[in-house]
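Engineer: starting from these lines, generate the structure:
(chains A and B)
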Amino acid sequence: MGLGGRKGTVTPREQNPSPRPKGPKMSKRKMKRKNKREMEELKKEVVMDDHKLTLDELSTKYSVDLTKGHSPEEEQEILARDGPDTLSPPTTTPGWVKFCKQLFGGFSLLLWTGASLCFVAYGIQLYFHEDPTKDNLYLGVVLTVVVIITGCSSYYQEAKSSKIMESFKTMVPQQALVIRGGDKIQIPVQDLVVGDLVEVKGGDWIPADIRLISSQGCKVDNSSLTGESEPQSRSSDFTNENPLKTQNICFFSTNCVEGTAQGIVIATGDSTVMGRIASLTSGLAVGQTPIAAEIEHFIHLITAVAVFLGVTFFGLSLILGYSWLEAVIFLIGIIVANVPEGLLATVTVCLTLTAKRMARKNCLVKNLEAVKTLGSTSTICSKETGTLTQNRMTVAHLWFDRTIYEADTSEEQTGNSFAKGSDTWCILARIAGVCNRADFKANQEYLPIAKRATAGDASESALLKFIEQSYSSVKEMREKSPKVAEIPFNSTNKYQTSIHLREDGSQTHVLMMKGAPERILEFCSTYLLKGQEYPMDDEMKEAFQNAYLELGGLGEHVLGFCFLNLPNTYSKGFKFNTDEINFPMDNLCFVGLISMIDPPRAAVSDAVGKCRSVGIKVIMVTGDHPITAKAIAKGVGIISEGTEIAEDIAARLKIPVSQVNARDVKAIVVHGSELKNMNSEQLDEILQNHTEIVFARTSPQQKLIIVEGCQRLGAIVAVTGDGVNNSPVLKKADIGIAMGIAGSDVSKQAADMILLDDNFASIVIGMEEGRLIFDNLKKSIAYTLTSNIPEITPFLLFIILGIPLPLGTITILCIDLGTDMVPAISLAYESAESDLMKRAPRNPKTDKLVNDRLTGMAYGQIGMIQVLAGFFTYFVILAENGFKPTDLLGIRISWENRYLNDLEDSYGQQWTYEQRKVLELTCQTAFFVSIVVVQWADLIICKTRRNSVFQQGMTNKILIFGILEETFLAAFLSYTPGMDVALRMYPLKITWWLCATPYSILILVYDEIRKLIIRRHPGGWLEKETYY
Amino acid sequence: HTVTKKEKSFNQSLAEWKLFNYNTTTGEFLGPTAKSWGLSLLFCLWAMLQALNNKVPRYRDQIPSPGLMVFPKPVMALDFSFSVSNPESYRGYINDRKKFLKSYVVEEQKNLTDCPDGAFFEQKRLDYTSCRFPLVLLEARSGVDDPGFGYSTGSPCILVKMNRKIGLKSQGEPRIECISKGENTAVLSTYPSNGTIDLKYFPYYGKKLHGSYLQPFVAVQLIFGNRNNVNEVTVEHKIDGSPNLKHRDDRDKFLGRVAFKSTMLNKK
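Structural biologist: Purely as a prediction, here's the structure:
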């Protein structure tokens, strides 16, 4: 270690630059403005200069001794100043705020308004009458209870999924090895301070941003920060202006894969690069989720209808000669009657059910509304490693005996079908197994080989597993020919050599070497063909070049293998010196190549195909090399077969890339450095004009730009990500999808949905579910809204025609919160219609959840038939009991007069007030039952929007249960003794149940014909007007 | 900024208005189909009416037992307030009663039958007739001699009648029993004597068949005991003497009974 710092120097604290912003002390407004500026800054690339400093300067800057580290006193001081080395957790909304949001947000607000209106109406009645009907009071109370219950249940649901989130967090405290006052001590990571001298070794988690001062074969896995899946070498050398690319900086929360290194902590906690990215997440503005927008739109619609009706009838009732007081009560009554009380609960339950169903399919939904958003997704930005790929290097191809053999890369690793008989293979396998530092971790014998955990470099682990699987036990091999000496891999050599005792017992040694193929070839003078050694010739070299290019073109990571049997002079006992090489290292014998790749997941290409067939664009965003990215993209179908990128076309036509006709290019691979120099118009152009896009070598900041670009073009974007660096983009996306296995906590916090199995295919399943729930919610709402019309018209006709009230408040509540509930929810279980995944993604601007076609159908047509059914029943019952419809007109004043106890009916009989009230309430019960009867038919027609019920079938058991339940409930409410006192509902004669059945059949026939016409004339007038 | 907001709400309301009109497209609410919906409802009702029995309603179980009612009907609640010295305060009552008794005058009853007392007057013929209810039964309260019905003398007369119910045959000997309650009681005299309702007025066959039917009633005269300035008395009537005519129901305060309050101001 070339150290030359001013030992023991202590500079005053003032000179010590603190990268920490002094945020918390600022006033709120200032903070906001500052935050905005910071945000823009954070979106830019990381700026730091510590990597450019010499060790002396570094020592001065952090006033630390580069061999002994801080003294404990200094440490305490700095810790007190900078705070612990942890990421400050994302600002979580406190529980009660969340609860209030559930309680007073969106639809609940409508119900609250309704409830308070009810209380107002009751208050008015109480003030002016000594004995008011308590209906309004009851209604207000019920509305309040409904809102509170649904609010609580959705809060509970959300709390439950956040609890699952909590369980993701690893509870093990991280430790760091730090040198303080010359002593190596283990301390908890949060006690680390700027300027600390720390040591990291293979397998360690990097505890802070560290400027390395020395290293021994250190490699780090930066994939969580930069997306590069290959381990990066780290040394004390300044190699690049860009701090992310220079070799002498290790970043917080990345992993050290192998080797050891010492360095000075240059930033801790939130001021680390990772920490700043994480804090970006909490600062990003979150747009309104599509369903929230839908619900708002829906509330506008309902409110407008209610207010319009209310005001109209307010005026009308004044004209008809009602008093002001009555008119106000009517106004409130109408507005409240328009509120679909049960809908909030129905929607909540539907979403919850779907979330549960999705969790079973490995999609954990954090945000209920995200389920529906997923259904309207039009673009998916997916990262490569782990989502599209299996996230493990696997041997894909072998080249020996001048032939390329394919290895099995599937997740199961079943068959291996290559020339295992060849002697060359045996030698290749032996080199790959023995000249290899990776090892299986202990106690995993019961696991299949592919699933076992390994210690060591990803490529070496891949080789280890491959050899174990397809040759023989590596452990035995290594025992038979123990390692005597080794030159580890480093980036300048680009090879790894080890010397082993030969296993034939000849007491001689063999030198084995693996490394970059071109380097290996330089060492070789002979090559192996079918177990025989031949001198290297041009033909062989050309074959080698072709194979190397071919495998490299597949995006695979290629390694070459060679060996040399050392002569007897180096027999057992010889002291090999790897620093000053005292053994031959030339004229080796070339054996073959093995190439590895992180293979695509099996189900992904199907899923991508499915996405494409429904018009969802899949964009791959990766930190990997363009060649690897392109290979994977081709492998999973993101670049479909036969599609060429500009470079391919150029190569085929033998013209420069610039001359390729832009219209022929459907696919494009964009390099991160190109993206950096693009303005937003150019990005838009790329996004618009290419159907198949791969972004390679992108930084996390660029991901944000890409997503914003897509959103600018009106797409609903789903983004997958796992690293901390992905969290801003997850938050920015319309739907952020985090990875359950590989994902970091911060990314899971930021995401709306978590793929428990990290599999891209699960997104498509999620999307299917999302579309299904959108469809089913539409159906559910159509069903629920329909009964609103037969609920409101009685009141309107009561005002206009002066007939006894055909349907009371309590019966309305019985429908909305009783009989309609289970059937409406059962529609959430409805299976998809045949065209579910054939339709194009929903356009959120025009294709609303509740559109005027839906309200037109529900209110205008089916609702109207239901009104007929209800009134028919009502008039039949009144007539059968003596009041003919003609005599009912305008009877209201006498009917409602409680002191008029000899009201004469059409037959001359006289009725006391109570007797005709019982008759009226019996009619209301019958009206209620009629609605139940016609809602049977409504439920059946709501099952489908285009298909016939006969095509769809009646397989939805919950729905059948729903029909039975509502019928049973209606009967229960009508016939249970005591109901006349409790709910003022009265038993009906059986024939009164039948009055509505013809209308039920009418609804079925009417709608079947409508759907038939829609199917016969797709895009026709009827479809345009009534297909919701 | 405000302008755009206004525009938006205007557009919104326009859209809502369109939603209700719908004339251009499917036309549900106020459009031509609304008319057809209405017509079909009317047709259904007409068909239903045709199917109905014109003479007797199909179900009569909603009136298990008839109610009682007083006559004339007070304007507010059941509270007869009047001042002896002010004829205007009881003119309404008198007129009401006169109107009610119009069908009971002798000339009107000419074509009716003189039925035997104490037995149901059951009829099976095509042309139904009704029993006479001679006003003579009311003696002085018939209004023939005293057109003021006792209001001017401070002893008002009020009629109590039982609601009509088709086919009702009361058992036993139904009579109206009257009790006066309150601080000041009044002497009550009922006419016909004992408040009896004769069985010959049962059964009733309905407006269509039995148009000339005369409903029996009982006249109750209140004679205030003390001539105070303000005389307030609550009088309760109930049907008695017939096991199938109920006079007790928790909810229906008029089933077989009726109570009213009478307030007489006696200022000179």
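Engineer: let me know the secondary structure of the residue nearest to residue B:246 when sequence neighbours are not counted.
Structural biologist: Leaving out its chain neighbours, the residue that sits closest to residue B:246 by C-beta to C-beta, 6 or more residues apart in numbering or on different chains is residue B:65, at 4.2 Å. Glycine gets a C-beta too; all of them are placed from N, C-alpha and C. Taking DSSP: H, G, I helix; E, B strand; the rest coil as the rule, one finds residue B:65 in the coil state.
Engineer: so what's the residue count around residue B:65?
Structural biologist: Here the number of neighbours of residue B:65 (other C-beta atoms under 10 Å in any protein chain shown) works out to 22.
Engineer: now do the phi/psi pair for it.
Structural biologist: phi -150, psi 140 (degrees, to the nearest 10).
Engineer: these two touch, right, it and residue B:255?
Structural biologist: Yes: assessed by C-beta atoms under 8 Å, residue B:65 is found in contact with residue B:255 at 5.9 Å.
Engineer: anything in contact with each of those two?
Structural biologist: The overlap between the contact sets of residue B:65 and residue B:255 (C-beta atoms under 8 Å, 6 or more residues apart in numbering or on different chains) consists of residue B:246.
Engineer: tell me the mean pLDDT for the helix or strand hosting residue A:335?
Structural biologist: Secondary structure from DSSP states H and E places residue A:335 in helix A:324-338. The average pLDDT within helix A:324-338 is 77.
Engineer: extract the C-alpha set from that helix and format it as PDB.
Structural biologist: As requested, the backbone C-alpha atoms of helix A:324-338 are provided in PDB (Å, rounded to 0.1, in the frame of the first residue of the first chain):
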ATOM      1  CA  TRP A 324     -91.200  24.700   0.000                       C
ATOM      2  CA  LEU A 325     -90.500  22.300   2.900                       C
ATOM      3  CA  GLU A 326     -91.800  19.300   1.100                       C
ATOM      4  CA  ALA A 327     -89.900  20.300  -2.100                       C
ATOM      5  CA  VAL A 328     -86.700  20.500  -0.200                       C
ATOM      6  CA  ILE A 329     -87.300  17.100   1.300                       C
ATOM      7  CA  PHE A 330     -88.000  15.800  -2.100                       C
ATOM      8  CA  LEU A 331     -84.800  17.400  -3.500                       C
ATOM      9  CA  ILE A 332     -82.700  15.700  -0.800                       C
ATOM     10  CA  GLY A 333     -84.600  12.500  -1.200                       C
ATOM     11  CA  ILE A 334     -83.900  12.300  -4.900                       C
ATOM     12  CA  ILE A 335     -80.300  13.200  -4.600                       C
ATOM     13  CA  VAL A 336     -79.800  10.500  -2.000                       C
ATOM     14  CA  ALA A 337     -81.800   7.900  -3.800                       C
ATOM     15  CA  ASN A 338     -79.400   8.400  -6.700                       C
END
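Engineer: which strands and helices sit next to that helix?
Structural biologist: Helix A:324-338 makes packing contacts with helix A:107-128, helix A:135-168, helix A:290-319, helix A:788-801, helix A:809-814 when contacts are defined by 3 or more C-beta pairs under 8 Å, 6 or more residues apart in numbering or on different chains; DSSP states H and E.
Engineer: report all helices and strands that the second one contacts.
Structural biologist: Spelled out, it's helix A:135-168. Where contact means 3+ C-beta pairs under 8 Å, 6+ apart, helix A:135-168 is packed against helix A:95-104, helix A:107-128, helix A:324-338, helix A:341-360, strand A:363-365, helix A:368-375, helix A:745-750, helix A:809-814.
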